[in-house]
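Peer 1: Structure here, sequence nowhere to be found:
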């Protein structure tokens, strides 16, 4: 069906991580592989899992200037520091580098856009303009985009780290609208993060936001127009866009 009026949906923006691809699941597999590797390097296996947990904490808390530091060097340092802090050893950049590259390569190999999702995107693109909008540094996100081959599925791909502001800043959402040649009120934002995807869509004045989640939104968080357990439900949402907001849990 074709959008039929000025208020109809003309474009859909999709988040990448944990929306179209299972980044969390791939990360768990990668961590398990590093744990196995580290167990072969230490006589005492105590604390190996804690090393990986410490790395994940550093990963979640990382902040860096890409003009001053390379992401590979930074994340190698995360592993080096985690090993030292948990195992009580001295610096070992070689071991840390092995851990990092094993984690990175394994995670990338495990990432994929499921075939049903690819089919859905292809079908949606017959009617709507599609744009991929992902936060993160250029190198990391572009590597994921190449690994899963999603560039060809969208009319445009925007990486937050390549711009002055990332989600949830309204500026990057409005930039996406300009690229697609559409108005914010004719766009829908789809993503798994209330804080970045949903709040950003609201900030930019989008027609609707769709939260991918199996749980209900907390009272203090931005409230999405729709909540669905899987991105495959977006088609149903579009078909019901003129109805009252619904929640499929």
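Peer 2: Yep, it's here. Bear in mind the structure is a predicted one, so any value in this text is a computation, not a measurement. Numbers count the residues shown, from 1 in each chain.
Peer 1: Contacts only, for residue 192.
Peer 2: Contact partners of residue 192, counting by C-beta atoms under 8 Å, 6 or more residues apart in numbering, are 15, 17, 18, 19, 211, 212, 213. C-beta coordinates here come from the backbone N, C-alpha and C atoms, glycine included.
Peer 1: would residue 133 count as being in a strand?
Peer 2: Yes - the assignment for residue 133 (DSSP: H, G, I helix; E, B strand; the rest coil) places it in a strand.
Peer 1: so residue 189, which of the three states?
Peer 2: Residue 189 - assigned by three-state DSSP - is strand.
Peer 1: For this structure, which residues score under the pLDDT cut-off?
Peer 2: Of all residues in the chain, those with pLDDT under 70 make up the ranges 1-7, 219, 242-249.
Peer 1: ok, back up a step: can you turn the buried part of the contacts of residue 192 into a PyMOL selection?
Peer 2: In PyMOL syntax, the buried subset of the contacts of residue 192 is picked out as below (16 or more other C-beta atoms under 10 Å):
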select buried, resi 15+17+18+19+211+212+213
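Peer 1: Just the ones of the contacts of residue 192 in strands?
Peer 2: Residues of those located in strands (DSSP state E): 211, 212.
Peer 1: List of residues touching stretch 171-180?
Peer 2: Against stretch 171-180 from outside (C-beta under 8 Å, 6+ apart): 10-11, 13, 129, 131, 133, 155-156, 158, 160, 163-167, 183-184, 187, 189, 200-201, 203-204, 206.
Peer 1: Check stretch 140-157 too.
Peer 2: 14, 16-17, 20-21, 23, 71, 108-109, 111-113, 118, 121-122, 125, 129-132, 134-135, 159-161, 176, 179-180.
Peer 1: so how far does it reach from one end to the other?
Peer 2: 14 Å (C-alpha to C-alpha, to the nearest Å).
Peer 1: buried ones in that stretch?
Peer 2: 140, 141, 142, 143, 144, 145, 147, 148, 150, 153, 154, 157.
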